[in-house]
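A.B. asks: What would the 3D arrangement of this be:
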Amino acid sequence: MRPLRTLTLSAVIAATLLASCSQDKALPASQAATPAPAVTAPAKPVANRDADLATAVDGFIQGMFDHDPVFAANAGKHEYDGKLPDYSADGLKAMATWLHDERSKFTAFTDDSLDAEGRFHRDYVLAVIDGQLFWLEQSGFPYSNPAFYTDHLSPSMYVTRPYAPLADRMAAFVRYEEALPTALAQVKANLKLPLPASYIDLGVNSFGGYAAFFKHDVPGIFASVKDPALQARFKTANAAAIKAAQELADWLKAQKPHATQDFALGADKFAAMLRATERVDLPLDRLKAIGESDLKRNLASLKSACDQFAPGKSLAACVAKEAADKPTGGAVEGARKQLAGLRQFIVDKNLVTIPGDEQAKVEEAPPFNRWNFAYIEIPGPYEKNLPSVYYIAPPDPHWSKADQAAYVPGKAALLFVSSHEVWPGHFLQFLHANRAQWMFGRLFVGYAYAEGWAHYAEEMMYDQGVDGATPEVHIGQLTNALLRDVRYLSAIGLHTGGMSMAESEKMFREQAFQDPGSARQQAARGTYDPAYLNYTLGKLMIMQLRQDWMAKHPGPDALKAFHDQFLSYGGPPIPLVRQQMLGGPVEAKLWTAPAGAPAQ
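C.D. replies: Residues are numbered from 1 along each chain as shown. Okay, the predicted model is just below:
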């Protein structure tokens with residue numbers, strides 16, 4: 001349930017929205033290469049070095065826009081509309097070389113040459129660079145994983161975001177489609193056979209979904225534009241884009257007989273991913289034990305809630321009873337009805353500042369982005385007065401009727417999806433991020449920061465009494481929490497412990513009580529999105545930070561003050577936020593409940 005603007009896997013990779021690892025404290029190259037004179041000049045004043053850092057940050061942002069025009073356009077820099085990155089092997093190598101050069105530039109800013117804010121800014125930039133470099137160079141994903149590209153190629157901005165008159169957006173979309181065949185050819189050339197089966201399925205569904213969207217939906221979107229020349233150009237570009245997308249989907253489908261199950265990163269790369277993207281450097285056995293503890297905590301709470309809601313029934317039957325209470329009119333209509341009440345609850349309880357009067361719309365997800373139940377698309381920080389859209393995917397029409405019906409959640413479970421995506425989850429978090437004092441913090445928001453906050457928000461809302469905090473409501477919250485616990489453990493198991501997709505799917509069904517379609521979907525996602533443990537990982541870091549911060553800042557408004565301060569930084573790695581809020585070293589601390597204590 002990641003916001004499309006920043007947190008789909010390909011966007012995180014290609015738009016550097018993951019966070020990162022350790023920073024070197026190297027001297028500038030000139031100092032390293034030249035012997036010191038007998039009498040050294042005074043060190044450059046801190047104020048000047050901070051100004052130099054600000055100039056370097058501005059240069060990095062501009063460089064990112066130039067290397068990744070999709071990132072720039074989504075941020076609201078529409079001079080980049082219609083352009084796509086160079087996905088060729090040479091293009092990816094050039095991107096990595098530039099990032100290494102930028103990393104050297106920022107490590108040259110030493111601790112003693114910067115003030116406290118400057119050190120935080122430097123470390124935040126290094127975090128983004130290191131995360132980007134992991135996905136480009138260490139993960140192997142550019143050459144194996146279609147998720148590296150799929151959502152980053154999304155045309156959603158042009159067809160759903162009213163940032164300009166429709167004719168202008170159509171012209172941008174045409175430029176995008178004209179560039180698409182070359183980009184897709186580069187993607188195909190990059191993928192080294194054989195591929196894991198789940199990667200193939202993702203690519204077939206995504207690229208085939210693009211082709212279907214271009215063929216069946218897009219012509220109607222632009223039909224009202226009265227420009228014959230543009231319509232003729234669109235017709236040509238659209239036909240070529242449909243052909244290129246479908247051919248790539250068909251090529252991937254043809255690889256299925258030769259598919260492997262070789263999706264695991266391995267323990268070393270998985271640990272490197274956590275260091276490089278989230279500054280989390282904990283032993284994997286310790287991480288696994290923490291996840292198992294949280295799963296146990298939430299299962300104990302589910303039993304307690306079910307004893308009241310469905311006495312005498314199994315946990316599976318209890319969850320099925322909650323799931324049977326479907327939202328009237330379906331999930332999209334049900335979510336629309338929930339948002340106003342969630343926002344008012346935040347206001348009445350004074351839980352967190354709502355900075356602005358923006359609202360989120362709710363719509364059905366487009367065909368090319370239905371690999372997960374829900375996500376939100378949020379306009380970038382350079383946009384003004386544009387809506388965000390909370391998308392909900394319908395069930396796969398190829399599933400059985402029973403599986404399709406089961407895919408639609410109960411009202412209580414949907415309430416916490418809406419909390420996660422909108423109030424007070426992603427949407428509210430980005431209202432804050434888009435107003436951060438530092439533009440870099442508006443642009444680069446990390447996976448664990450955003451997903452951790454959104455998942456944390458679910459439990460916090462229940463704890464504060466949302467919708468009466470009835471046993472049924474608690475079950476809705478807990479099923480969402482258990483889903484994320486099993487993601488956490490599946491990510492570790494699939495990539496470091498020899499877990500198969502079938503074993504992961506079974507875990508989703510038996511310990512997260514997911515319907516069959518969702519369980520298959522979630523197990524597959526774990527293979528190509530190994531960082532989806534960040535929902536629970538981020539949540540547990542935030543819960544520990546809250547406990548430690550509020551112990552030092554007690555008072556009736558401490559919870560709101562904590563939330564407002566946490567959301568003020570943009571979206572760096574949570575250990576960097578911990579350092580800012582508490583002082584001390586950069587370290588990851590994950591909350592664990594006292595032994596035997598259920599979720600509240």
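A.B. asks: Return stretch 495-512 as PDB; C-alpha atoms alone will do.
C.D. replies: Output in PDB follows, covering the C-alpha atoms of stretch 495-512 (Å, rounded to 0.1, in the frame of the first residue of the first chain):
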ATOM      1  CA  HIS A 495      15.400 -13.900   1.000                       C
ATOM      2  CA  THR A 496      17.500 -15.400   3.700                       C
ATOM      3  CA  GLY A 497      15.900 -18.500   5.000                       C
ATOM      4  CA  GLY A 498      15.000 -20.700   2.100                       C
ATOM      5  CA  MET A 499      11.300 -20.100   2.400                       C
ATOM      6  CA  SER A 500       9.300 -21.000  -0.700                       C
ATOM      7  CA  MET A 501       6.400 -18.900  -2.100                       C
ATOM      8  CA  ALA A 502       4.000 -21.700  -1.100                       C
ATOM      9  CA  GLU A 503       5.300 -21.600   2.500                       C
ATOM     10  CA  SER A 504       4.800 -17.800   2.500                       C
ATOM     11  CA  GLU A 505       1.400 -18.100   1.100                       C
ATOM     12  CA  LYS A 506       0.400 -20.600   3.700                       C
ATOM     13  CA  MET A 507       1.700 -18.200   6.400                       C
ATOM     14  CA  PHE A 508      -0.400 -15.400   5.000                       C
ATOM     15  CA  ARG A 509      -3.500 -17.600   5.100                       C
ATOM     16  CA  GLU A 510      -3.000 -19.300   8.500                       C
ATOM     17  CA  GLN A 511      -1.400 -16.500  10.600                       C
ATOM     18  CA  ALA A 512      -2.600 -13.300   8.800                       C
END
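A.B. asks: now that stretch: mean pLDDT?
C.D. replies: In this model, stretch 495-512 has an average pLDDT of 98.
A.B. asks: Show me what counts as buried in it.
C.D. replies: Across stretch 495-512, burial judged by 16 or more other CB atoms under 10 Å covers His495, Thr496, Met499, Met501, Ser504, Glu505, Met507, Phe508, Arg509, Gln511, Ala512. Every C-beta, even on glycine, is put in place using the N, C-alpha and C of the backbone.
A.B. asks: What is the nearest of those residues to Ala244?
C.D. replies: Met501 (29.6 Å; CB to CB).
A.B. asks: what's the closest of the buried residues of stretch 495-512 to Pro394?
C.D. replies: Phe508 (19.8 Å).
A.B. asks: what's near enough to touch the residue nearest to that closest one when sequence neighbours are not counted?
C.D. replies: Among residues not flanking Phe508 along the chain, Ala519 sits closest, at 3.9 Å (CB to CB, 6 or more residues apart in numbering). By CB atoms under 8 Å, 6 or more residues apart in numbering, Ala519 lies in contact with Glu505, Lys506, Phe508, Arg509, Ala512.
A.B. asks: Give me the subset of those residues lying in helices.
C.D. replies: In helices, defined here by DSSP state H, the members of those are Glu505, Lys506, Phe508, Arg509.
A.B. asks: all helices in the stretch 51-200 of the chain, in order from the N-terminus.
C.D. replies: 69-75, 89-107, 116-133, 156-160, 166-190, 197-216 (DSSP state H, counting those that start in this stretch).
A.B. asks: mind giving me a markdown table with the contacts of Ala519 and columns for distance to Ala89?
C.D. replies: Compiled in a markdown table, these are given as follows (distance: CB to CB, whole Å):
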| residue | distance to Ala89 |
| --- | --- |
| Glu505 | 34 |
| Lys506 | 39 |
| Phe508 | 36 |
| Arg509 | 40 |
| Ala512 | 39 |
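A.B. asks: returning to what we had before: okay if I get the ones in helices among the contacts of Ala519 as CSV plus distance to Glu458?
C.D. replies: Output for the ones in helices among the contacts of Ala519, formatted as CSV (distance: CB to CB, whole Å):
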residue, distance to Glu458
Glu505, 23
Lys506, 25
Phe508, 18
Arg509, 21
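A.B. asks: Between those, which sits nearest Asp90?
C.D. replies: Glu505 (39.1 Å).
A.B. asks: What segments of this structure are strands?
C.D. replies: 360-364, 374-377, 388-392 (DSSP state E).
A.B. asks: Just give me the closest of the ones in helices among the contacts of Ala519 to Phe373.
C.D. replies: Of all the ones in helices among the contacts of Ala519, the one with the least separation from Phe373 (CB to CB) is Phe508, at 12.8 Å.
A.B. asks: I figured the closest one hits Leu483, correct?
C.D. replies: Yes - Phe508 lies in contact with Leu483 (CB atoms under 8 Å); the separation is 7.4 Å.
A.B. asks: Run through the protein and note the low-pLDDT ranges.
C.D. replies: By pLDDT under 70, the weakly predicted segments of the chain are 1-47, 371, 595-600.
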